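Colleague: mind looking at a prediction? Sequence and model below.
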Amino acid sequence: MPKTIDLLLGIATVMLLLSLVVTAVTHYVVSLCNLRGRHLRAGLASLLERLDPRIGSRDAVSLATAMLQDPLICETGGKMASFLHRAQFTRFCLSLAAEAVGNSPAETPQDDPRNYAQPAEALYWTLRAHGIADPRATLDRISLHALELEHAQPDLPELARLEMAVVSAAAAPFVAKINACFDQTMDRVSARFTTAVRAVTLAAALGLASFLQLDCLAMLNHLAMDEGLRSQLVKAASPRPVEWELVPVPASWNEWRRQWTSGESGPPGPARLGGILVTAMLLSLGAPFWYSLLGGTLRLRPALDTREDRSARARRSQRPAPVIPFAATSLPVSSTRLPESGEWLPIGGSRYSVGRR
């Protein structure tokens, strides 16, 4: 059992350190590509399309991009925001529609042209068709009601005040549609984003395992046979796996090719490819998984060592019972003569024959 625990500790230590690299690469790619903002934009665009047929797919994407790139909520560098509250989404819809028709009521057209010059006009006529004829006035009522709530309940969070103000000052079928579909849309956005992050993590893990030519099966076999290396992995205070034989880092492209073809890091062929694929899948589990596994194994190992020590002491304390030969109990101590054939010897008041009677 201790050897199995040591093997698990060694593999978990290496996987934890390498999965930290995979996690860092994943976070960098997610931030660089702005995956959160892209998936949120796709979700908001689908929500806008479902509100009314006037808003097409291209108009919905343009409106969602304008909302997420607003200076109030956008991320550093003008990237699209990764989070948008339901009340903020409603207020952005009202704001974009109000900017499309201008501030003067005289500039507002009376009939729906059905041929919109910009996406915000389609949003404006969608609002009018669902109970909000004057977006600018509705925005003013929302701001005034939010100010009254701040005065009455200063401890209330800002988003909670905005949510209550939207429900009270903009009660219309348009707001009811948003409130009915927003949460379900965000759930689908979260699911898609999680799937995308898992794909990025698996790709990063596969790239790292292929670059280092990590075969977890060969690694496990090496640890099982090399007790010194196993002890080093278990007892190292500051592990550095790049210096160990388990994780060879190629110094050049030619060295990488030589290791791949010669099989220095494991047996070449389909078995090696399968081991690298399994290693990539294990690395894609993430650093938190390996950290918890390593912590649990470290807590379990002392208990197993104590149990093994107790068992060894118990085995050493047990003494086998002495075995008394039959001849020592059958013959008197002073007798050294063997009985002859047909001779009778009295033992305990009875007689028995030794040899031929």
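Modeller: Everything's here; your move. In this text, all values refer to a predicted model and were calculated from it rather than measured experimentally. Residues are numbered from 1 along each chain as shown.

Colleague: what stretches of the stretch 51-200 of the chain score poorly on pLDDT?
Modeller: Along the stretch 51-200 of the chain, the model assigns pLDDT under 70 to residues 102-110.

Colleague: quick one: the helices in it, in order.
Modeller: 57-68, 86-101, 119-129, 135-152, 158-169, 173-212 (DSSP state H, counting those that start in this stretch).

Colleague: of all those, which one is nearest Val29?
Modeller: Across those, Val29 has its closest neighbour in helix 173-212 (5.3 Å, CB to CB). Glycine gets a C-beta too; all of them are placed from N, C-alpha and C.

Colleague: now do that closest one against helix 135-152, angle only.
Modeller: 80 degrees (axes from the mean of the first three to the mean of the last three CA atoms, to 10 degrees).

Colleague: what helices and strands are in contact with helix 173-212?
Modeller: helix 2-33, helix 35-51, helix 86-101, helix 158-169, helix 270-283 (3 or more CB pairs under 8 Å, 6 or more residues apart in numbering; DSSP states H and E).

Colleague: next, format the ones you listed as a markdown table and append mean neighbour count and distance to Asp183.
Modeller: Listed next are those as a markdown table, based on neighbours: other CB atoms under 10 Å; distance: least, CB to CB, whole Å:
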| stretch | mean neighbour count | distance to Asp183 |
| --- | --- | --- |
| helix 2-33 | 18 | 23 |
| helix 35-51 | 20 | 11 |
| helix 86-101 | 21 | 7 |
| helix 158-169 | 18 | 12 |
| helix 270-283 | 18 | 33 |
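
Colleague: TSV for those, including distance to Gln118?
Modeller: Below are these laid out as TSV (distance: least, CB to CB, whole Å):
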stretch	distance to Gln118
helix 2-33	28
helix 35-51	14
helix 86-101	6
helix 158-169	24
helix 270-283	47
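
Colleague: minimum distance to Tyr116: which of these has it?
Modeller: Once the helices and strands packed on helix 173-212 are compared by CB to CB, helix 86-101 is nearest, at 8.7 Å.

Colleague: hmm, who's touching that closest one?
Modeller: 44, 63, 66-67, 70, 73, 107-109, 118, 120-121, 123-124, 126-127, 132, 135-136, 138-139, 142, 159, 162-163, 165-166, 170, 174-175, 178-179, 182-183 (CB atoms under 8 Å, 6 or more residues apart in numbering).

Colleague: again, only this time at 6 Å
Modeller: 67, 108, 120-121, 123-124, 127, 135-136, 138-139, 162-163, 166, 175, 178, 182 (CB atoms under 6 Å, 6 or more residues apart in numbering).

Colleague: how does this protein divide into domains?
Modeller: 2-26+200-301, 53-129+133-171 (automatic domain parsing).

Colleague: would you turn those domains into TSV with distance to Leu32?
Modeller: Output for those, formatted as TSV (distance: least, CB to CB, whole Å):
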stretch	distance to Leu32
domain 2-26+200-301	10
domain 53-129+133-171	10
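
Colleague: now the nearest residue to His145 once chain neighbours are set aside: how far from Gln69?
Modeller: Nearest non-adjacent residue to His145, counting by CB to CB, 6 or more residues apart in numbering: Ala165, 4.0 Å away. Relative to Gln69, Ala165 is positioned 24 Å away (CB to CB, to the nearest Å).

Colleague: now Gly295
Modeller: 42 Å.

Colleague: higher neighbour count, those two?
Modeller: Per other CB atoms under 10 Å, whichever of Gly295 and Gln69 has more neighbours is Gln69, with 16 against 12.

Colleague: skipping adjacent residues, who's closest to that one in space?
Modeller: Gln69 sits nearest to Met80 (CB to CB, 6+ apart), 5.8 Å away.

Colleague: tell me, how many neighbours does that neighbour end up with?
Modeller: As a burial measure, Met80 scores 21 neighbours (other CB under 10 Å).

Colleague: got phi/psi on it?
Modeller: phi -60, psi 140 (degrees, to the nearest 10).

Colleague: wait, what's in contact with it?
Modeller: Going by CB under 6 Å, 6+ apart, Met80 touches Asn34, Gly37, Arg41, Leu68, Gln69.

Colleague: show me the contacts for the second one.
Modeller: So the one you mean is Gly37. Leu68, Lys79, Met80, Ser82.

Colleague: of these, select the buried ones using a PyMOL command.
Modeller: Per 16 or more other CB atoms under 10 Å, the buried members of those correspond to this PyMOL selection:
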select buried, resi 68+79+80+82
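
Colleague: wait, which of the contacts of Gly37 is closest to Arg272?
Modeller: Nearest to Arg272 among the contacts of Gly37: Ser82, at 40.1 Å, using CB to CB.

Colleague: contact partners for the closest one?
Modeller: Applying CB under 6 Å, 6+ apart, we find Ser82 in contact with Arg36, Gly37.

Colleague: how close does it sit to Met186?
Modeller: 12 Å.

Colleague: how about Met281?
Modeller: Where Met186 is concerned, Met281 sits at a distance of 30 Å (CB to CB).

Colleague: repeat for Ser210
Modeller: From Ser210 to Met186 the distance is 36 Å (CB to CB).

Colleague: next one: Leu9
Modeller: 41 Å.
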